[in-house]
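just a sequence and a predicted model for now, questions to come.
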Amino acid sequence: MSVGPEQYKAAMARWATGVTILTSRAGDEIHGMTVSDFCGASLGPALVLVCADKASNTLGVIERGGIFAVNLLSSEQQALSDRFASKEDEMQRFDGLACTEAATGAPILPGALVTLDCRVTAAHDAGDHVIFVGRVEAIVEGAGQPLLHYGGAYAALAVE
């Protein structure tokens, strides 16, 4: 018995996750996209995993540049998440943003809760995605509450 894409997508929507924007640079070219497929992989050395859609423009930039930054979004950054998720005006995603540059050269988005600056150590084919393993080379900390996603919608963290 095979699981279809719609059934799988509906099941995965039941997994609450933080929202991140994956950014990368290859020379003068920068790109980024909203991703929820991200996790820590190792404490020693510090490694993370991110999944990039093979159809995305960001994938090629990561492959050419060998670097990426994972910008963990704050609850105030829903519009930024939407902007980097939309295919409309994709090449203008960074317009008007006061980004800084990570140690690797990857763009750091203003207002992120945390940014993990990474160098690619491995890439693995995974169906319609590529799993990148990145060694965390620097961390930039911000402040606030996380932007969450659950059931196909944004959600807030209930803090008591």
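That came in fine, so what should we check first? What you see is a predicted model; the values in this text were computed from it and never measured.

going by C-alpha atoms from here, please, whenever you check contacts or count neighbours.
Will do.

how about the helices in the chain?
Assigned by DSSP state H, the chain shows helices spanning 5-12, 57-65, 78-85.

point out the most buried one among the ones you listed.
Mean neighbour count (mean count of other C-alpha atoms under 10 Å) peaks for helix 57-65 among the helices of the chain, with a mean of 19.

what helices and strands are in contact with that helix?
In terms of contacts (3 or more C-alpha pairs under 8 Å, 6 or more residues apart in numbering; DSSP states H and E), helix 57-65 is packed against strand 20-26, strand 29-35, strand 47-53.

winner for burial among those?
Highest mean neighbour count of these: strand 20-26, a mean of 26 (counted as mean count of other C-alpha under 10 Å).

got the CA positions of it in CSV?
Provided in CSV are the C-alpha atoms of strand 20-26 (Å, rounded to 0.1, in the frame of the first residue of the first chain):
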residue,chain,number,x,y,z
THR,A,20,12.7,29.4,9.2
ILE,A,21,14.1,31.2,6.2
LEU,A,22,17.0,29.5,4.6
THR,A,23,19.4,32.0,3.0
SER,A,24,22.5,31.4,0.9
ARG,A,25,25.1,33.2,-1.3
ALA,A,26,27.2,32.2,-4.2
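
and the helices of the chain as a markdown table, adding mean pLDDT and distance to Asp28?
A markdown table is the format used below for the helices of the chain (pLDDT from 0 to 100; distance: least, C-alpha to C-alpha, whole Å):
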| stretch | mean pLDDT | distance to Asp28 |
| --- | --- | --- |
| helix 5-12 | 84 | 35 |
| helix 57-65 | 95 | 10 |
| helix 78-85 | 95 | 19 |
